[in-house]
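Asker: Sequence and computational prediction follow.
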Amino acid sequence: MLLGVTSGIAIYKAVDLISKMRQIECNPKVIMTKNAQRWISDQIFSAVGNCEVYYETFDVKTGWIPHTELSRWAELFIVAPATANIIAKISHGIADDLLSCTALAYSKTSKIIVPTMNVRMYENPINKKNLEVLKQNGWSIIEPEEGHLADGEIGKGRYPDNSEILEYSEYLLSKKDFMNKKVLVTAGPTVERIDPVRFLSNRSSGRMGYELAREFANRGADVTLISGPTDLKPPSIVKKIIRIESAKELREKVLEHFEDSDIIVMTAAVSDLRIKNYSGQKLKKDTIVNLEIEKNPDIIKELGRIKREGQILVGFAAETENLKENAIKKLKEKNMDIIILNDVSRKDIGFEKEENEVTIFTSKEELRFEKNHKRIIAGNICDFIFSNFF
C-alpha cells in the first residue's frame with residue numbers, strides 16, 4: 001500500500017492509518033509533500049509504519065526515479081489527507097512533485113482520495129468539479145465528515161474515521177467472486193419483551209453475522225443485513241441494513257427479502273420462546289411466575305420448505321453436546337444446504353468473543369475451521385460456499 005500525505009492538521013490521523021495498516025500486515029510506503037513535512041517529521045511515519053518514506057522526485061546519486069517505480073509497486077494508492085491543492089493537481093494532470101507525479105503515473109484501479117479541508121473550500125464549485133474529474137478517472141472518493149473544523153467553523157471537511165478507509169481499501173483489493181449475487185444475512189440476538197423493563201434474549205453479539213455481511217459485500221455481492229440489537233457498528237460497505245427486535249419482526253423482514261436472494265445466511269440467534277401477552281406496565285415480582293409463554297416460529301425451517309431451486313440456505317447450530325449429531329439432524333430436518341456448527345460450551349470462542357471455531361456440514365461433506373478471528377472464519381465460509389455451489 002502506498003500512502004500519499006499532504007499538509008494540514010489532519011495529518012496526525014494519517015499516522016494512525018499507517019499504524020493500522022501495519023497491524024493488519026499490510027506493507028506500506030509513504031510519500032510526503034514538502035508542506036506535509038512542515039507539520040510532522042518523516043521519521044514518525046517511518047517509525048510507526050516501519051516503512052520507507054519518500055519526498056524527492058529524483059535521486060541524483062543513484063539515478064532512481066521513484067514515481068515510476070512506486071506507481072508500479074503499489075497495489076493500492078491512498079492520498080490521505082488530500083488538500084484542495086493536490087486534488088486540483090491530480091485532476092488536471094499537473095506533476096510538479098513526487099506525489100503528483102506518482103498519481104499521474106499510477107494506472108491501476110485501486111486508488112482512493114480522502115478530501116480534508118475547510119468547508120468553504122470543500123463546497124467550492126471548482127473543488128467539486130475537480131473531485132468529479134477524479135471519479136471519472138477511476139479514483140474512489142471517501143467523503144469527509146461534518147462537524148467542528150480546525151479553523152472553528154462547522155461543516156463538511158473533517159477527516160473521516162480510519163476504519164472507513166480501511167474497509168473500503170479491503171473492498172477494492174478483494175476478489176469479486178460474488179458479483180451480481182444477492183445475499184441476505186441475519187445477525188445478532190432477538191429480544192422478546194415481557195414488560196417495559198424485562199425481556200427474553202441471548203448473548204449473541206452479532207459479530208459473526210456482521211463479518212459475513214462484510215465479506216460478501218467486499219467480494220461484490222449485493223448484501224442485505226437484518227440485525228437484532230447489538231453494539232456493533234455495521235460495515236460501511238454494506239448499504240442495506242434493517243433493524244429488528246423480535247423474532248416476529250425478523251421473520252417478516254426475512255420473508256420480505258427471501259425470494260430475491262441467491263444466498264441466505266441465518267446467523268441470528270433467535271429466541272425460542274416469547275411472552276404470550278406483553279404488559280405495558282412493569283409487572284410485580286409475584287406475577288412473573290405466572291407468565292404465559294409460547295414458541296416462536298422456526299424461521300429457517302419455514303425457509304427450507306419454500307426455498308426455490310438454486311437458492312442456498314445456510315444455518316448455524318449452537319450446541320453444547322452431541323454436536324455433530326444435532327447439527328446433521330437440523331441440516332436434514334430443515335432442508336438446509338449448509339449448517340455451521342458452533343460449540344457454545346467453550347468459553348474462548350463463539351458468543352461475545354472475537355474468535356470462533358466452526359465445522360461446516362453439507363449432505364456430502366464435513367469441514368472444520370480451527371480457532372481464528374471471526375473475520376477470517378467469515379472468509380473461510382465464503383470460500384467454501386463459492387467453491388461448492390458456484
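Answerer: Received the coordinates, thanks. Residues are numbered from 1 along each chain as shown.
Asker: From the contact count, pick out the helices and strands touching the helix or strand harbouring residue 156.
Answerer: Residue 156 is located in strand 154-158, with elements delineated by DSSP states H and E. For strand 154-158, the packing partners by 3 or more Cβ pairs under 8 Å, 6 or more residues apart in numbering; DSSP states H and E come out as helix 119-123, strand 145-148. Using the backbone N, CA and C atoms, a C-beta is placed for each residue, glycine as well.
Asker: mind checking how far residue 305 is from residue 273?
Answerer: Computed as Cβ to Cβ, to the nearest Å, the residue 305 to residue 273 distance reads 22 Å.
Asker: okay, the two: which has more neighbours?
Answerer: Shown here are residue 305 and residue 273; by other Cβ atoms under 10 Å, residue 273 has more neighbours (12 against 8).
Asker: Once you drop chain neighbours, what's closest to that one?
Answerer: Of all residues not flanking residue 273 in the chain, residue 293 sits nearest, at 4.8 Å (Cβ to Cβ, 6 or more residues apart in numbering).
Asker: Torsion angles phi and psi at the one you found?
Answerer: According to degrees, to the nearest 10, the main-chain angles of residue 293 amount to phi -120, psi 160.
Asker: Wait, it touches residue 272, no?
Answerer: No: between residue 293 and residue 272 there is no contact under Cβ atoms under 8 Å: 9.6 Å.
Asker: winner for burial among the helices and strands packed on strand 154-158?
Answerer: With neighbours defined as mean count of other Cβ atoms under 10 Å, the helices and strands packed on strand 154-158 peak in mean count at helix 119-123, which reaches a mean of 16.
Asker: now it: how far from the chain's centre is it?
Answerer: Remark: helix 119-123 is offset 29 Å from the chain centroid, using Cα atoms, centre = their mean, to the nearest Å.
Asker: Run through who's touching that helix.
Answerer: Helix 119-123 is contacted by residues 84, 115, 127, 144, 149, 153-157 when judged by Cβ atoms under 8 Å, 6 or more residues apart in numbering.
Asker: Name whatever forms a beta bridge with residue 31.
Answerer: residue 4, residue 54 (DSSP bridges).
Asker: What's the local residue count around it?
Answerer: 28.
Asker: Could you check how far it is from residue 210?
Answerer: For residue 31, the distance to residue 210 equals 34 Å [Cβ to Cβ].
Asker: Then residue 250?
Answerer: 16 Å.
Asker: repeat for residue 142
Answerer: 20 Å.
Asker: Equivalent analysis for residue 25, please.
Answerer: The gap separating residue 25 from residue 210 is 22 Å, by Cβ to Cβ.
Asker: ok, the two, which is more surrounded?
Answerer: Neighbour count, other Cβ under 10 Å: between residue 25 and residue 210, residue 210 has more, with 26 against 6.
Asker: And for the helix or strand harbouring the more buried one, what's in contact with it?
Answerer: Following DSSP H and E, one finds residue 210 within helix 207-218. Identification of contacts with helix 207-218 by Cβ under 8 Å, 6+ apart yields 167, 170-171, 174, 178, 181, 183, 185-188, 223, 225, 227, 230, 232, 234-235, 237-238, 263, 265, 267-268, 316, 353-354, 356, 374-375, 377-379, 381-382.
Asker: can you do 7 Å?
Answerer: 170-171, 174, 178, 183, 185-188, 223, 225, 232, 234-235, 237-238, 265, 267-268, 354, 356, 374-375, 378-379, 381-382 (Cβ atoms under 7 Å, 6 or more residues apart in numbering).
Asker: Repeat that for stretch 67-82.
Answerer: Stretch 67-82 is touched from outside by 1-4, 6, 8, 10-11, 14, 17, 29, 54, 57, 86, 98, 101-102, 105-106, 108, 110-116, 159, 165, 169, 172-173, with contacts defined as Cβ under 7 Å, 6+ apart.
Asker: who touches the closest residue to residue 162 other than its chain neighbours in this structure?
Answerer: Nearest in space to residue 162, with sequence neighbours left out and distances taken as Cβ to Cβ, 6+ apart, is residue 17 at 4.8 Å. Taking Cβ under 7 Å, 6+ apart, we find residue 17 in contact with 3, 80, 162, 165.
Asker: Counting neighbours, what do you get for the third one?
Answerer: Other residues near residue 162 number 18, with proximity taken as other Cβ under 10 Å.
Asker: I'd say it and residue 13 touch.
Answerer: Yes: using Cβ atoms under 7 Å, residue 162 is in contact with residue 13, at 6.5 Å.
Asker: circling back to that earlier point, partner strands of the strand holding residue 156, parallel or antiparallel?
Answerer: Note on strand 154-158: by DSSP bridges, its sheet partners are strand 145-148 (antiparallel).
Asker: Not counting sequence-adjacent ones, nearest residue to residue 251?
Answerer: Excluding the flanking residues, the one nearest residue 251 by Cβ to Cβ, 6+ apart is residue 299, at 5.0 Å.
Asker: hey, where'd the helices end up in the stretch 201-350 of the chain?
Answerer: Under the criterion DSSP state H, counting those that start in this stretch, the stretch 201-350 of the chain carries helices at the ranges 207-218, 247-258, 285-288, 299-306, 323-333.
Asker: could I get the third one in CSV with only the CA atoms?
Answerer: What follows is the C-alpha trace of helix 285-288 in CSV, where atoms were taken according to Å, rounded to 0.1, in the frame of the first residue of the first chain:
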residue,chain,number,x,y,z
LYS,A,285,-42.5,-9.7,41.2
ASP,A,286,-45.2,-12.0,42.4
THR,A,287,-46.9,-12.1,39.0
ILE,A,288,-43.8,-13.0,37.0
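Asker: residues of it that come out buried?
Answerer: For helix 285-288, burial by neighbour count (16 or more other Cβ atoms under 10 Å) applies to no residue.
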